[in-house]
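Participant: Next input, structure requested:
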Amino acid sequence: MSGQGGTGPVVTVGTDSVPAPERLGWWSEMVDHEVMPVAVHSAHTAVFRGRAEAVELPHSQVTAFDFSPITAHRSPAHIRRQDPENYYLLLVRDSSVRLEQARGVACLQAGDMALFSTSHPLACEFLDHGRQTRLTLMRLPRPVPPLAGGQADRLLAEPLPPRAGSAALLGLYLAQLPQTARTCGPAELARLGAIGVDLAVTLLAARLGVQDTLPTETRNAALLARINAFIDHHLGDPELCPAAIAAHHHVSVRTLHLLFHSEPETVSARIRRRRLEHCHADLTDPRLRRRSISAIAARWGFLRPADFSRAFRAAYGVAPRELRQAALRSLPDARRVARSDK
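Facilitator: Okay, here's the model as predicted:
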């Protein structure tokens with residue numbers, strides 16, 4: 001996507017610099033080029049606004065869209081004109097979407113996901129609720145099972161369960177990626193891209209009942225993503241440890257450690273680092289300046305103040321109290337700090 005602006009790997013385009021009468025046409029051409037040719041109509045032509053943030057990844061692309069309500073139709077003539085032969089996962093972030101393709105009809109609300117293909121006629125209505133439609137598209141590589149061979153066509157315009165397992169993680173991934181990618185280097189961005197594809201493929205394979213056909217690497221990557229999310233969600237539990245994590249995910253402790261073998265840190269090191277990062281953030285947060293250091297440590301699973309101080313100094317080269325004092329000294333005057341507490 002050629003853009004008007006962006007930070008690092010995120011490219012942003014929008015209608016703000018386009019004359020109002022030309023905005024819907026400009027948006028339609030952008031969608032034709034970046035996704036697929038469609039016929040676009042809107043009741044908001046005179047006041048149309050649209051914005052897109054795209055993250056180009058090694059084997060996929062994730063684009064967050066924000067636009068005035070429209071309808072979009074893809075006909076056989078559009079397909080004959082140009083078919084990039086892509087699958088897309090659609091995540092609705094706000095408003096409602098009605099998607100029809102093949103024999104499927106999906107009525108999607110915020111948080112819902114569905115799959116569509118550029119190779120079949122499509123009708124999509126972004127319903128008008130008096131606000132912008134917000135959604136994210138993830139382009140998926142067709143050669144990857146279960147997308148190869150057209151198996152995934154069985155899932156077109158079928159609502160995908162959004163609340164559990166890989167679907168829940170994928171929803172968070174898609175919603176947060178444009179912001180996360182702004183601070184990533186090329187290696188980390190490639191790793192994030194691979195995680196996203198693995199989560200998407202795992203979700204679709206499970207829906208098709210063919211998850212056992214996935215490569216071991218894909219299944220392990222999806223499991224590792226679930227484990228990392230579990231760790232982040234339970235950092236405040238002082239009983240969080242490799243044995244508890246392995247038991248929750250129905251694997252042995254040995255298997256858990258093998259999963260982390262190719263990671264830059266062990267399971268225990270990840271738990272400790274994430275806990276310390278949260279403690280560091282709390283200690284430098286002026287809104288928490290009246291909370292004791294021991295309470296902050298306990299909030300993130302450190303029950304022994306001496307152990308916490310030792311681990312914190314080893315990680316950051318400074319004692320927790322010294323960090324907090326330095327952070328408070330760097331704040332604006334007391335009146336501005338007081339206002340931030342309200």
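
Participant: Just the pLDDT at residue 342, thanks.
Facilitator: Residue 342 carries a pLDDT value of 39.

Participant: helices and strands around the strand or helix carrying residue 230, which ones?
Facilitator: Assigned by DSSP states H and E, residue 230 belongs to helix 216-233. Where contact means 3 or more CB pairs under 8 Å, 6 or more residues apart in numbering; DSSP states H and E, helix 216-233 is packed against helix 165-181, helix 186-208, helix 242-248, helix 253-259, helix 267-283. Backbone N, C-alpha and C define where each C-beta goes, glycine included.

Participant: Which among those is found nearest to residue 236?
Facilitator: Taking CB to CB, helix 267-283 is the member of those nearest to residue 236, at 8.5 Å.

Participant: Can you check what angle separates the closest one from helix 216-233?
Facilitator: For helix 267-283 against helix 216-233, the angle by axes from the mean of the first three to the mean of the last three CA atoms, to 10 degrees is 40 degrees.

Participant: Mind jotting down where the strands sit in the stretch 1-150 of the chain?
Facilitator: Assigned by DSSP state E, counting those that start in this stretch, the strands in the stretch 1-150 of the chain fall at 5-7, 10-14, 39-41, 50-56, 61-67, 71-74, 87-94, 97-101, 104-108, 113-117, 122-126, 133-140.

Participant: sorry, back to before: buried stuff in the helix holding residue 230?
Facilitator: Neighbour-count burial for helix 216-233, counted by 16 or more other CB atoms under 10 Å, picks out 218-228, 231.

Participant: try stretch 159-169
Facilitator: Buried-residue list, stretch 159-169, by 16+ other CB under 10 Å: 159-160, 162, 166-169.

Participant: which one of those residues sits closest to residue 143?
Facilitator: Closest to residue 143 out of these is residue 166 (19.9 Å), distances taken as CB to CB.

Participant: re earlier: can you lay out the helices and strands packed on helix 216-233 as JSON lines showing mean pLDDT and distance to residue 91?
Facilitator: Formatted as JSON lines, the helices and strands packed on helix 216-233 follow (pLDDT from 0 to 100; distance: least, CB to CB, whole Å):
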{"stretch": "helix 165-181", "mean pLDDT": "87", "distance to residue 91": "5"}
{"stretch": "helix 186-208", "mean pLDDT": "88", "distance to residue 91": "11"}
{"stretch": "helix 242-248", "mean pLDDT": "93", "distance to residue 91": "26"}
{"stretch": "helix 253-259", "mean pLDDT": "93", "distance to residue 91": "27"}
{"stretch": "helix 267-283", "mean pLDDT": "95", "distance to residue 91": "25"}
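
Participant: would you turn these into TSV with distance to residue 63?
Facilitator: TSV is the format used below for these (distance: least, CB to CB, whole Å):
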stretch	distance to residue 63
helix 165-181	8
helix 186-208	13
helix 242-248	34
helix 253-259	31
helix 267-283	29
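
Participant: Of all these, which one is nearest residue 136?
Facilitator: Nearest of those to residue 136, taken as CB to CB: helix 165-181 at 4.5 Å.

Participant: same for the closest one, what does it pack against?
Facilitator: For helix 165-181, the packing partners by 3+ CB pairs under 8 Å, 6+ apart come out as strand 50-56, strand 61-67, strand 87-94, strand 113-117, strand 133-140, helix 186-208, helix 216-233.

Participant: ok, now with 6 Å
Facilitator: strand 50-56, helix 186-208, helix 216-233 (3 or more CB pairs under 6 Å, 6 or more residues apart in numbering; DSSP states H and E).
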